[in-house]
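>>> Would you be able to build a 3D model of this:
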Amino acid sequence: MPFSNLSIIEPILKALKTEGYTKPTPIQEQSIPVVLQGKDLLGCAQTGTGKTAAFAIPILQILHSAGTYDQQRRPVKSLILTPTRELAVQIGESFAAYGRHTSLRTAVVFGGVSQYHQEKAMRNGADILIATPGRLLDLMNQRIVSLNHVQLFVLDEADRMLDMGFIHDVKKIVSKLPAKRQTLLFSATMPSEIRNLAHTVLNHPVQVAVTPVSSTVDAVSQSVFFVERGDKKNLLIHLLKEPEVVSALVFSRTKHGAEKIARDLHRAGIKVDALHGNKTQGARQRALNNFKTGRTRVLVATDIAARGIDVDSLSHVINYDMPDVAETYVHRIGRTARAGLTGNAWSFCDADEMTLLKDVQKLTGKPITVVNDHPFVSKLAVAIELQRKELAQRKMKPGSLRRGGFRRRR
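Predicted coordinates for the structure are as follows:
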C-alpha cells in the first residue's frame with residue numbers, strides 16, 4: 001500500500017518521496033488513519049518500526065490543513081514529550097524532514113545545555129514542540145512555554161519515562177494541558193504502571209500493537225560468545241578486526257564501563273567514541289554525528305544514552321555486558337536490521353551472566369547461535385560442549401542440551 005492510500009496531503013507526500021519512503025510500515029498504516037480521524041491512540045511498538053513517522057505525519061497534516069497560523073504569537077499546538085535528548089533531536093529532525101513543504105515551525109528543548117537558544121526559539125513561536133520533561137518544566141516555570149493551546153499531545157517511549165523516573169514530571173505536565181485535546185501514547189512495553197497512566201490521559205483510545213517486545217526482528221542474526229569476563233576486551237578487539245563489521249554499536253551496562261571500553265579500543269587503534277549520561281550534550285551530539293557519518297566505526301554506549309539512536313546500515317550490535325532486563329536486549333538489537341536491511345547481534349556472556357542470557361531466551365523464544373570458534377572460549381563454553389557431546393552419544397535430542405534453547409554454530 002502506498003502512502004497516498006492513507007489520504008496524506010501532497011506537501012507531505014512530496015517530502016516522503018524525497019526521504020525515500022515508498023510504503024508505510026505496519027505501525028504507520030494502522031496509526032495514521034486513526035490520528036487523522038481525531039481519535040486518541042494507544043500504540044505498542046518497539047524501536048525500529050517507524051513509530052516516529054506514525055505520529056509525525058498525521059500531526060503535520062492536521063496542523064497544516066487547519067491553516068490558522070498566528071504569525072505574531074505561534075502558540076504551541078502540538079507537544080511531543082520524549083525521555084532523552086538524543087531522541088528529542090531525532091524526532092525534531094523527522095518533523096523538519098516530513099514538514100519541509102509546510103509553513104509549520106518546530107522547536108526542540110532538552111536539558112544539559114544552555115537554554116538561551118531554546119528560549120529564543122520559543123519566543124519566536126513554534127507550532128510543534130518536542131521536549132524532554134525536565135527542561136520543559138523549567139521553561140514552564142519561567143513562563144517561557146505555555147501549553148494552553150495544545151491540541152495534540154504525544155507521550156513517546158512511555159516505558160522508558162517510567163524507567164528513568166520521569167512519570168511524576170509527566171503527570172505535572174499533563175495537568176497543565178487543555179482537557180480537550182487529542183492524545184497519543186506510545187510504548188514498547190505495557191507494564192501495569194503504563195496501562196494505568198494510559199487510562200488517566202487517554203479518552204476511549206484505539207489500540208494498535210505491532211511487533212510485540214517479546215519478539216526480535218527476524219532479519220537480525222543472533223549469536224552468543226561464552227567468554228571469561230577478563231577476556232571480553234580481547235574478544236571485542238579480535239572481532240572488530242573482522243571485515244564484516246562495518247559499524248558496531250557496543251552496549252555497556254555502566255557509564256564507567258563504556259568509557260573504559262572506549263579507551264581500550266582507542267589504544268588498539270580503533271576509531272571509537274563513547275556515549276553516556278556523563279557526557280556533555282555537545283560531546284554526545286558529536287559522538288553520535290561521527291558515528292552516523294562514518295568518521296568513527298564503533299560507538300560504545302549505555303542503554304539510556306542509546307535509546308532512540310537511529311543509524312542507517314548499522315551492521316552489528318554487540319552486547320559487551322548482558323542487560324539486566326531481558327526486554328532491554330530486544331531494544332538493543334533493534335538498532336540494527338532497520339529499514340528492510342539485515343543485521344547482526346553478538347552477545348558476550350560470562351558465567352555470572354548465564355541467568356540473564358536464559359531470561360533473554362525465555363522472552364524471545366528464539367534460538368541464539370553459540371560461537372565457539374574464537375581464541376577466548378571460556379571454561380563454561382567447554383563444559384557446555386562436553387555436555388552436548390555426551391548427550392549426543394546418548395542419542396538425546398539436541399534441543400534437550402540446555403533449557404535456554406541455544407544452538408551451536410558449525
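>>> so is the closest residue to residue 178 other than its chain neighbours in a helix, a strand, or just coil?
Leaving aside its sequence neighbours, residue 178 sits nearest to residue 150 (C-beta to C-beta, 6 or more residues apart in numbering; 6.1 Å). (Each C-beta comes from the backbone N, C-alpha and C, glycine too.) Secondary structure state of residue 150, per DSSP: H, G, I helix; E, B strand; the rest coil, is coil.
>>> care to break this protein down by domain?
Segmentation of the chain into domains, based on automatic domain parsing, reads 3-210, 220-408.
>>> got TSV for those, with mean neighbour count and mean pLDDT too?
Output for those, formatted as TSV (neighbours: other C-beta atoms under 10 Å; pLDDT from 0 to 100):
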stretch	mean neighbour count	mean pLDDT
domain 3-210	18	92
domain 220-408	18	85
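>>> rewinding a little: which residues are in contact with the residue nearest to residue 178?
Contact analysis of residue 150 by C-beta atoms under 8 Å, 6 or more residues apart in numbering lists 76, 77, 78, 79, 177, 178, 181.
>>> Sticking with the fourth one, tell me its helix or strand.
Under the criterion DSSP states H and E, the helix or strand holding residue 79 is strand 78-81.
>>> who does residue 349 bridge with?
Beta-bridge partners for residue 349, by DSSP bridges, are residue 226.
>>> Surely it and residue 226 touch.
Yes. Under the criterion of C-beta atoms under 8 Å, residue 349 makes contact with residue 226 at 5.6 Å.
>>> joint contacts of these two?
Residues touching both residue 349 and residue 226 (C-beta under 8 Å, 6+ apart): residue 380.
>>> Which other helices and strands does the strand holding residue 79 contact?
Helices and strands touching strand 78-81, by 3 or more C-beta pairs under 8 Å, 6 or more residues apart in numbering; DSSP states H and E, are helix 51-66, strand 128-131, strand 152-155, helix 167-175.
>>> send the alpha carbons of it over as PDB?
Output of strand 78-81 as PDB, limited to C-alpha atoms (Å, rounded to 0.1, in the frame of the first residue of the first chain):
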ATOM      1  CA  SER A  78       1.300  20.100  19.500                       C
ATOM      2  CA  LEU A  79       3.600  18.700  22.200                       C
ATOM      3  CA  ILE A  80       5.700  15.600  21.900                       C
ATOM      4  CA  LEU A  81       7.200  14.500  25.200                       C
END
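>>> give the contact list for residue 161.
Residues in contact with residue 161, defined by C-beta under 8 Å, 6+ apart, are 81, 83, 133, 155, 167, 170.
>>> If we ignore the residues flanking it in sequence, what's nearest the fifth one?
On the basis of C-beta to C-beta, 6+ apart, the spatially nearest residue to residue 167 that is not a chain neighbour turns out to be residue 161, at 6.0 Å.
>>> again, but for residue 60
Beyond its immediate neighbours in the sequence, the residue positioned closest to residue 60 (C-beta to C-beta, 6+ apart) is residue 99, lying 4.5 Å away.
>>> Let me see the contact set for the one you found.
Applying C-beta under 8 Å, 6+ apart, the residues near residue 99 are 12, 15, 56, 60, 64, 106, 128.
>>> ditto for residue 349
224, 225, 226, 227, 322, 356, 357, 380.
>>> related to what we said a few turns ago, reformat the contacts of residue 150 as a markdown table; add distance to residue 287.
Converted to a markdown table, these look like this (distance: C-beta to C-beta, whole Å):
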| residue | distance to residue 287 |
| --- | --- |
| 76 | 30 |
| 77 | 34 |
| 78 | 30 |
| 79 | 28 |
| 177 | 34 |
| 178 | 39 |
| 181 | 37 |
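>>> and of those residues, the nearest to residue 327?
Of all these, residue 79 has the smallest distance to residue 327: 26.7 Å, by C-beta to C-beta.
>>> Return the distance of the closest one relative to residue 334.
Per C-beta to C-beta, to the nearest Å, residue 79 is found 26 Å from residue 334.
>>> Then residue 175?
Per C-beta to C-beta, residue 175 is found 33 Å from residue 334.
>>> Please apply the same query to residue 165.
For residue 165 relative to residue 334 (C-beta to C-beta), the value is 23 Å.
>>> how close does residue 164 get to residue 83?
Relative to residue 83, and taking C-beta to C-beta, residue 164 is found at 5 Å.
>>> Look at residue 222 and give its secondary structure.
With three-state DSSP as the basis, residue 222 sits in strand.
>>> That one reaches residue 368, doesn't it?
Yes. Using C-beta under 8 Å, residue 222 is in contact with residue 368, at 4.8 Å.
>>> which residues are common contacts for the two?
residue 347.
>>> Would you state the helices of the stretch 251-400 of the chain in chain order?
Taking DSSP state H, counting those that start in this stretch to define them, one finds helices in the stretch 251-400 of the chain at 255-267, 281-293, 303-306, 326-333, 354-364, 379-393.
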